[in-house]
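K.L.:
generate coordinates for the sequence data below:
(one chain, ligands or ions: 1)
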Amino acid sequence: MVTVDIDGARGFITEDEFNQGKKRAEGAFEKVKKGSGPGNEWLGWRRILDQPNDAELDRIEQHALSVREDADIFIVCGIGGSYQGAKAIIEALKKPFDSRGPEILFAGHNMSGNYLKQLLSYLKQPKEDGSEKSVYLNVISKSGTTLETAIAFRTIRSWMHEQYGEETKNRITATTGPTGGVLNQIIDEEGYHKYEIPDDIGGRFSVLTPVGLFPVSVAGIDIQTLFYGAVAEYKTNESDPESLLNYAALRFKMHKKGYALDVIGSFEPELSGFCGWTQQLLGESEGKEGKGLFPATASYSTDLHSIGQMIQQGQRNMMETLLVIDKPFSDLTLVAAHNDVDQLDYLTGRSIHEINKSALEGTCQAHIEGGVPVVRVGLDKLNAQQMGRLIYFYELFTAVYVYMLEVNPFNQPGVENYKKAMYRLLGK
Ligand code: PA5
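P.N.:
Here you go, the predicted structure:
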């Protein structure tokens, strides 16, 4: 279960303020449940957990297994909500340095010619035994028109057609909306395998659809357990949303008091990608009509040596959310050395996870004393089931909190502005 500890932030608002926030959070949750808020046609991320499609989960797993068996490289080509979720889960659950299964690469998430050129030359490099790499690609775009993704897809797919000819169509999978968009036309013409993103689920809420599930499954992660973890969290919160609503009440009041930033961080490097996913989920959902806390991200303890100073003593306008894992997947104790020149003997034999926990506790104390409200969102362990829970927890949290701001969480009208200006400059 996802736990929430707001003790480190409660001292920054009064009892009355908290209670007002709580009432508002309850009202916002009712809107989500009843589907009576703005953007209510985009609540499919709840529907899929209420009525799981086991046949689709099975199909995705079978397909992913066949790709996994043959691929040396699997490219996830997408941007924003079309790649962040898969990246977050893979980073969290695929063990670092584990070379089993295909190497997972990302493309279409930037507009760098250099990146694409280097990627192509990497694909062309033969394996150690001199044979060619077996490359598979999953292009993901709900709209089917996003420029970054389209450019990367055209580039890599052209190379794949040269390389594999007719066989390319078995190597490319396209995940897109049911109809419309040029990607659907390409699928029809080329006969690529297609997964549909339901109409009622927006990009940043789509990780538990084929958008996230197919790449995650190719990476060897158990998507049934992941998905049903999310189902369990859905059920928990339908009957007992207390902790989630406390967190929403608190964050809302911080926003009202003029706080401008929420630094979302973790002392577990595996959760860096997940912090990025929550950054997009919250940022694109709440940052409208002059409202919202800017969701910054931090990876601790690394970033204590870079932005730690700013958090401790910079402008007092930020709160912090720390994602905490109680039991690590694996751990190490500090070895004894032949002498104590490095002056670390006081730590000899101690668990590095425990040392990391002391860094977390010390950081919380220091940040709170320095005027930064700290909320902790915790998981017992980092595994597929718990990740599923955490994903749904943040999806629901985002919807509730953004409804409290009286904003539609599910659109992103501002994103169109740069596109219009860019297309004008490009002469489209
Ligand atoms: O949340 C969103 O809708 C966006 O972040 C999209 O995921 C992102 O812009 C990519 O869009 P598309 O999947 O249409 O290529």
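
K.L.:
rest of the way, CA atoms for contacts and neighbours
P.N.:
OK.

K.L.:
how about the residues of the chain by the ligand?
P.N.:
79-82, 141-144, 146, 202-204 (Cα under 6 Å from any ligand atom).

K.L.:
just those: which are in helices?
P.N.:
Within the residues of the chain next to the ligand, no residue falls in helices by DSSP state H.

K.L.:
so Val374 touches Ala9, yeah?
P.N.:
Yes - judged on Cα atoms under 8 Å, Val374 makes contact with Ala9 at a distance of 5.1 Å.

K.L.:
show me where this protein has its strands.
P.N.:
Secondary structure of the chain (DSSP state E): strands at 3-5, 73-77, 103-107, 135-141, 172-176, 193-196, 261-266, 294-299, 318-327, 374-381.

K.L.:
check what contacts the fourth one and list those residues.
P.N.:
Contacting residues not belonging to strand 135-141 are listed as 67, 71-79, 82-83, 123, 149, 153, 160, 171-177, 183, 211, 215 [Cα atoms under 8 Å, 6 or more residues apart in numbering].

K.L.:
okay, the angle between it and strand 103-107?
P.N.:
For strand 135-141 against strand 103-107, the angle by axes from the mean of the first three to the mean of the last three Cα atoms, to 10 degrees is 40 degrees.

K.L.:
please name the strands paired to strand 135-141 in the sheet, noting orientation.
P.N.:
Sheet pairing of strand 135-141 (DSSP bridges) gives strand 73-77 (parallel), strand 172-176 (parallel).

K.L.:
what do you get for the shortest one?
P.N.:
Paired with strand 3-5 in the same sheet, following DSSP bridges, are strand 374-381 (antiparallel).

K.L.:
dump the C-alpha coordinates for the partner strand into CSV.
P.N.:
What follows is strand 374-381, C-alpha atoms only, in CSV (Å, rounded to 0.1, in the frame of the first residue of the first chain):
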residue,chain,number,x,y,z
VAL,A,374,8.3,17.8,3.6
VAL,A,375,5.7,15.1,2.6
ARG,A,376,6.8,11.5,2.4
VAL,A,377,5.1,9.1,0.0
GLY,A,378,6.2,5.5,0.8
LEU,A,379,6.3,2.0,-0.6
ASP,A,380,7.2,-1.1,1.3
LYS,A,381,9.3,-2.5,-1.5
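
K.L.:
of the residues of the chain next to the ligand, buried ones?
P.N.:
79-82, 141-144, 146, 202-204 (16 or more other Cα atoms under 10 Å).

K.L.:
tell me, how many residues neighbour Glu196?
P.N.:
Neighbourhood size, Glu196 [other Cα atoms under 10 Å]: 16.

K.L.:
then the one 4 residues further on?
P.N.:
The burial count assigned to Asp200 is 17, neighbours taken as other Cα under 10 Å.

K.L.:
now Tyr300. Nearest residue, chain neighbours left out?
P.N.:
Phe267 (4.5 Å; Cα to Cα, 6 or more residues apart in numbering).

K.L.:
domain-wise, how is the chain divided?
P.N.:
Following automatic domain parsing, one gets these domains for the chain: 3-37+227-408, 47-221.

K.L.:
who's in contact with Ala174?
P.N.:
138-140, 183, 187, 192-195.

K.L.:
which one among those residues gets closest to the ligand?
P.N.:
Of all those, Ile140 has the smallest distance to the ligand: 6.2 Å, by Cα to the nearest ligand atom.

K.L.:
which sections of this structure are below the confidence cut-off?
P.N.:
Of all residues in the chain, none has pLDDT under 70.

K.L.:
quick one: the residue nearest the centre of the chain from Asp188, how far?
P.N.:
Taking Cα atoms, centre = their mean, the centroid of the chain lies closest to Trp277, which sits 2.7 Å from it. Computed as Cα to Cα, to the nearest Å, the Trp277 to Asp188 distance reads 31 Å.

K.L.:
what does Phe205 give?
P.N.:
According to Cα to Cα, Phe205 and Asp188 sit 26 Å apart.

K.L.:
do the same with Lys95
P.N.:
As judged by Cα to Cα, Lys95 and Asp188 stand 37 Å apart.

K.L.:
now Thr155. Nearest residue, chain neighbours left out?
P.N.:
Among residues not flanking Thr155 along the chain, Leu116 sits closest, at 7.8 Å (Cα to Cα, 6+ apart).

K.L.:
so of the strands of the chain, which one's packed in deepest?
P.N.:
strand 135-141 (a mean of 27; mean count of other Cα atoms under 10 Å).

K.L.:
residues in contact with Gln313?
P.N.:
Each residue near Gln313 by Cα under 8 Å, 6+ apart is listed here: Gly370.

K.L.:
try 10 Å this time
P.N.:
By Cα atoms under 10 Å, 6 or more residues apart in numbering, the residues touching Gln313 are 367, 370-372.

K.L.:
number of nearby residues for the closest residue in space to Met404 that isn't next to it in sequence?
P.N.:
Counting by Cα to Cα, 6+ apart, Ala28 is the residue found nearest to Met404 once chain neighbours are left out, at 5.7 Å. Ala28: 24 surrounding residues under other Cα under 10 Å.

K.L.:
wait, Ala28 touches Pro38, no?
P.N.:
No - Ala28 lies out of contact with Pro38 (Cα atoms under 10 Å); the separation is 11.0 Å.

K.L.:
overlap in contacts, these two.
P.N.:
403, 406.

K.L.:
now do the contacts for Thr155.
P.N.:
108, 116-117, 120, 149.

K.L.:
between these, which sits nearest the ligand?
P.N.:
Closest approach between these and the ligand, by Cα to the nearest ligand atom: Thr149, at 6.6 Å.

K.L.:
for the closest one, which non-adjacent residue is closest in space?
P.N.:
Excluding its sequence neighbours, the residue lying closest to Thr149 (Cα to Cα, 6+ apart) is Gly108, at 3.9 Å.

K.L.:
tell me how far the one you found lies from Phe12.
P.N.:
As judged by Cα to Cα, Gly108 and Phe12 stand 42 Å apart.

K.L.:
looking at the two, which is more packed in?
P.N.:
Neighbours around Gly108 and Phe12, counted as other Cα under 10 Å, are more numerous at Gly108. The numbers are 30 against 19.

K.L.:
for the more buried one, what are its contacts?
P.N.:
Gly108 neighbours (Cα under 10 Å, 6+ apart): 75-80, 82-83, 115-116, 139-141, 146-156.

K.L.:
let's see it at 8 Å
P.N.:
Gly108 makes contact with 77-79, 148-153, according to Cα under 8 Å, 6+ apart.

K.L.:
most neighbours, which of the residues you listed?
P.N.:
Sorting the contacts of Gly108 by how many neighbours each has (other Cα under 10 Å) puts Gly78 first, at 28 neighbours.

K.L.:
what sits against Lys87?
P.N.:
Gly273.

K.L.:
now do the helices in the stretch 251-400 of the chain.
P.N.:
Secondary structure of the stretch 251-400 of the chain by DSSP state H, counting those that start in this stretch: the helices cover 272-286, 308-313, 352-369, 384-404.
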